[in-house]
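Novice: Build me a model:
(chains A and B)
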Amino acid sequence: MKIFRIVGVSLGAVSKHKMRTFLIVLAIVVGIATLTVIVALTQGANKTILQRINNFGPDAVMIKSGGGRVLGPATVSEANLTKKDIADIESTDGVKLVSPIQVSLDMPIKYGNKFTTSWVFGVESSWQDAWRRGASKGEFISDSDNEQLSKVCVIGQTAAKDLFGDANPIGEDVMIENVSFKVVGILKKVGQSPVGTDFDNLILIPFTTASRRLMNQPRYISMARTIVYRPSQVKAVSEKIREILRENHHLAATEEDDFTITSPEEITKMIKSTSRTLTLFLWLVGIISPLVGGIVLMNIMLMAVSERKREIGLRRAVGAKQKHIVFQFLAESLALTFSGGFFGVIIGFVIAMAFSFFGKPISISWQPFAVAFIFSSLIGLFFGIYPARKAASLDPASALSQK
Amino acid sequence: MIEFKDVVKSFTSGAIKTEVLKGVSFKVNKGEFVSIMAPSGTGKTTLLNILGCLMKTTSGSYLFEDRDIETMNDDQLSEIRNKKIGFVFQTFNLLEKTSALDNVLLPLVYSDIYPADASQKAVRLLEAVGLKERIHYKPNELSGGQQQRVAIARALINDPAVILADEPTGNLDSASAKEIMEIFKSLHSQGRTIVVVTHDNNIARQAKRAIFLKDGKVEREEVLR
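Specialist: Residues are numbered from 1 along each chain as shown, chains lettered A, B, ... in the order given. Below you'll find the model as predicted:
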């Protein structure tokens, strides 16, 4: 096949002009490696976001006191949800359960001479089902704990490590703002909260104890987490809850909500919008740098064409058609960009692995390979076609007479 | 086989029009060994470019094996060059960093048919021009005379209808020049058609017939042997 013979000519030229090959491949490698690293990083970041959304729960709706708050918990000081609100939500169609939460952020915690600060949540036993998270060791807050206003707590693993190191905290007493609580369990580890904070730096106490003994908020409730039967109901239920709360809170049509309802959809939107600018910027760099590689390719190929005018003239004299010359130079560009793409992906992966070694979330998948393959072909074609056409359009007689 | 009729070739550079060939007519028959003798600067290269289908005429006609070259497109001209014409250049024009064997095989890259025994044929041709021991040598490892012999083998690989040589001995010492001309003579004796374009009277006189060009026109023709 003539086509293979011409490809052979192109590959021969690639191996004969070593310096030129090296420079072009290097330029493409830099571009494709950058692109690969960026794909791996953005995919890693997306995976983290998905994980965080998953931590939030696809079937969960958060109801927080105070308007206009998408991220972060509402605390007791701003609490305005009532017991009636909770009861009304509970009886809404599609609602599986409602778990009220009293919240105090960054409370001082003491054990012996060890000191830390942690979020403290007052919860009912339903919290376990609402968050799909219970005690990994010991017991969780029980209904009787809530009835008796017990001074017990379930401690998150970050707080446990801060206060107890590797020792077993169960049965020990910790001081939460000068009130003594007995540790009855250790909370299952989850990592980051949807907001991105450490969700293991958390201490749970009975809801009633929090309201009446620790946080002094017997009337209002900071937040509630609702679970619906099916994730597809989230939107409709959120809307319904909003109506109920507006009515209960006697809000006029012109007034804004004095509460916030957060669903997985909004969390996704929120997180994505904060990372969008960075992602956009990364992609811009990722796309520009292979383009620069392409410009280098075009530059060097144009130089090669003018250096090899005689060769082109000779090939034309012995019978090469214009399309053969176009094909030869294009195949050369493609061979160079493909090798650049190949080594670029490998080097990109090594760099991405280094990033992951230093704690950056990355994702290794087939996509960077595909992106590199497509991008290097496009660069080869786009930046190779002009030099190739230029070579083919040379007048054979004058190309031959070049010195 | 080759018929030039009133061939005119002019070049325009800005407003200046230079007529290089001013109505050239001649014929070359199959199996002939013809030299075209022209002093430097009298349109020798232009004539050769037209003969080699690398350039078209401004007016007049050029028939190659009874086909009108002027009506052909670039692809058709490329095919004629590939199948019918074997070029031998003054400066050899071998691909550098490429073995003698691969240089000889070059025209076959662009042929529709690549014979199974192409390599053997190339080796035979290199043997015939006395380069049996040097088939894997690269041009920079060969002398001028040896390089020109590689070029002749390359010109023969496709069994062309005509071998077109442009000052084939111009860059060679007299001993090598003599050897190259002997190869042409022997090819002629095998029935090949050979056209040598030269400004060197001694070279021109080794052909069977010489066409003398002067001021862009055929001055005279001479049967030599």
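Novice: and residue 127, what are its phi and psi?
Specialist: This is for chain A. Main-chain torsions, residue A:127, degrees, to the nearest 10: phi -50, psi -40.
Novice: that's the wrong chain, I meant chain B
Specialist: Dihedral angles (degrees, to the nearest 10) for residue B:127: phi -60, psi -40.
Novice: So for it, what's the pLDDT?
Specialist: Note on residue B:127: pLDDT of 93.
Novice: Share the number of residues neighbouring it, please.
Specialist: Residue B:127 has 13 neighbours, counted by other Cβ atoms under 10 Å in any protein chain shown. Yep, even glycine has a C-beta here, placed from its N, CA and C like the rest.
Novice: who's in contact with it?
Specialist: Going by Cβ atoms under 8 Å, 6 or more residues apart in numbering or on different chains, residue B:127 touches no other residue.
Novice: how about the residues of chain B near chain A?
Specialist: B:45, B:49, B:52, B:54-55, B:74-75, B:78-79, B:81-83, B:87, B:89, B:93, B:95, B:97-98, B:106-112, B:114, B:154, B:158 (Cβ under 8 Å from any Cβ of the partner chain).
Novice: quick one, longest helix in chain B?
Specialist: Longest helix in chain B, counting residues (DSSP state H): helix B:174-189.
Novice: quick one: the following helix or strand past that one to chain centroid distance?
Specialist: As assigned by DSSP states H and E, the chain's next helix or strand after helix B:174-189 is strand B:193-198. Distance of strand B:193-198 from the chain centroid (Cα atoms, centre = their mean, to the nearest Å) equals 6 Å.
Novice: Contacts for strand B:193-198, please.
Specialist: B:1-2, B:28-38, B:44, B:47-48, B:51, B:161-170, B:184, B:187-188, B:203-204, B:207.
Novice: Would you write a PyMOL line that selects the buried entries of these?
Specialist: The PyMOL selection below is limited to those of those classed as buried (16 or more other Cβ atoms under 10 Å in any protein chain shown):
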select buried, chain B and resi 1+2+28+32+33+34+35+36+37+38+44+47+48+51+161+162+163+164+165+166+167+168+169+184+187+188+203+204+207
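Novice: from chain B, which residue is nearest to chain A?
Specialist: Closest contact between chain B and chain A, by Cβ to the nearest Cβ, is at residue B:82 (2.3 Å).
Novice: The strand or helix carrying that residue: how far from the chain's middle?
Specialist: Taking DSSP H and E as the definition, one finds residue B:82 inside helix B:74-84. For helix B:74-84, the separation from the chain centroid amounts to 14 Å (computed by Cα atoms, centre = their mean).
Novice: per-residue confidence averaged over the very next helix or strand once past that helix?
Specialist: Using DSSP H and E, the next helix or strand after helix B:74-84 towards the C-terminus is strand B:85-88. In this model, strand B:85-88 carries a mean pLDDT of 94.
Novice: Which ChimeraX command selects the buried ones in the residues of chain B next to chain A?
Specialist: Filtering the residues of chain B next to chain A down to the buried ones (16+ other Cβ under 10 Å) takes a single ChimeraX command:
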select /B:45,49,52,54,55,78,79,81,82,83,87,89,93,95,98,106,107,108,109,110,111,154,158
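Novice: buried residues in the longest helix of chain B?
Specialist: Result for helix B:174-189 [16+ other Cβ under 10 Å]: buried residues B:176, B:177, B:179, B:180, B:181, B:183, B:184, B:187, B:188.
Novice: Find me the pLDDT at the closest residue to the third one other than its chain neighbours, would you?
Specialist: Spelled out, that is residue B:179. Distances taken as Cβ to Cβ, 6 or more residues apart in numbering or on different chains place residue B:145 nearest to residue B:179, at 5.9 Å, with adjacent residues excluded. Here, the pLDDT recorded for residue B:145 equals 92.
Novice: List the contacts of residue B:145.
Specialist: By Cβ under 8 Å, 6+ apart, the contact set of residue B:145 is B:172, B:173, B:175, B:176, B:177, B:179, B:180.
Novice: any idea which element the residue nearest to the third one when sequence neighbours are not counted lies in?
Specialist: By the measure of Cβ to Cβ, 6+ apart, the closest residue to residue B:175 outside its immediate chain neighbours is residue B:145, 7.6 Å from it. With the criterion set as DSSP H and E, the secondary-structure element containing residue B:145 is helix B:144-156.
Novice: Give me the three-state assignment for the most centrally placed residue in chain B.
Specialist: The structure's chain B has its C-alpha centroid closest to residue B:164; by Cα atoms, centre = their mean the separation is 1.6 Å. For residue B:164, the secondary structure call by DSSP: H, G, I helix; E, B strand; the rest coil comes out as strand.
Novice: my read: it touches residue B:86, true?
Specialist: Yes - assessed by Cβ atoms under 8 Å, residue B:164 is found in contact with residue B:86 at 6.9 Å.
Novice: Can you list the low-confidence ranges for chain B?
Specialist: Flagging of chain B using pLDDT under 70 yields the residue ranges B:225.
Novice: can you give me the strands for it?
Specialist: B:2-13, B:16-28, B:33-37, B:59-64, B:67-68, B:85-88, B:162-166, B:193-198, B:209-214, B:217-223 (DSSP state E).
Novice: tell me which strands and helices the longest one is in contact with?
Specialist: When you say that, I think you mean strand B:16-28. Applying 3 or more Cβ pairs under 8 Å, 6 or more residues apart in numbering or on different chains; DSSP states H and E, we find strand B:16-28 packed against strand B:2-13, helix B:44-51, strand B:59-64, strand B:217-223.
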